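*Asks:* fold the following and give me the result.
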Amino acid sequence: MQGFRDLKVYQLAYKLAMEIFHETKKFPKDERYSLTDQIRRSTRSVAANIAEGFRKRQYPKMFASKLADADGESAETQVWLDFARDCGYLPTNRHAELLKGYQEVGKMLGTMISMPERFVPYKQK
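*Replies:* Below is the predicted model:
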């Protein structure tokens with residue numbers, strides 16, 4: 001593994017963030033400074049926290065902390081997805097697809113958080 005872009009969880013989080021970016025282009029203009037900005041920010045933060053955590057992986061507690069931040073942003077994204085569906089901006093089937101993706105991200109992050117030592121780039125003395 002050479003970098004954070006090689007992590008499957010990063011790849012999925014980035015893909016989902018881009019999908020949501022394209023979905024939010026269809027949201028009403030009056031949501032630009034509320035729902036649209038919030039969901040875009042939280043989705044991007046998932047991927048960004050994974051990348052930042054990966055760079056700190058030589059410190060397992062810091063690594064796990066950044067991944068926990070990513071998991072929190074993933075949960076926040078799920079709330080925004082619920083609002084988007086319930087406001088009529090996101091079809092139920094699309095909501096379900098995106099929600100499933102973020103649930104998968106959460107499972108992957110949970111596994112990584114429980115075993116941060118597996119990602120340490122070298123053995124610490």
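
*Asks:* now do the helices in this structure.
*Replies:* 8-24, 37-55, 60-86, 92-114 (DSSP state H).

*Asks:* figure out which of the ones you listed is closest to residue 122.
*Replies:* Among the helices of the chain, the nearest to residue 122 by C-beta to C-beta is helix 60-86 (12.5 Å). Where you see a C-beta, it was placed from the backbone N, CA and C, and this is true even at glycine.

*Asks:* and the closest one, how far out from the chain middle?
*Replies:* 6 Å (C-alpha atoms, centre = their mean, to the nearest Å).

*Asks:* do stretch 3-18 as well
*Replies:* Put simply, stretch 3-18 sits 8 Å off its chain's centre (C-alpha atoms, centre = their mean).

*Asks:* do the same with stretch 44-59
*Replies:* Centroid separation for stretch 44-59 versus its chain: 11 Å, with C-alpha atoms, centre = their mean.

*Asks:* and stretch 88-103, by the same measure?
*Replies:* The answer for stretch 88-103 is 14 Å, by C-alpha atoms, centre = their mean.

*Asks:* circling back: could you dump the helices of the chain to TSV with mean pLDDT?
*Replies:* Formatted as TSV, the helices of the chain follow (pLDDT from 0 to 100):
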stretch	mean pLDDT
helix 8-24	98
helix 37-55	97
helix 60-86	97
helix 92-114	98
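
*Asks:* could I get the contacting residues of the residue nearest the centre of the chain?
*Replies:* Centroid check for the chain by C-alpha atoms, centre = their mean gives residue 46 as the closest residue, at 3.0 Å. Listed by C-beta atoms under 8 Å, 6 or more residues apart in numbering, the contact set of residue 46 reads 13, 16-17, 70, 73-74, 77, 102, 105.
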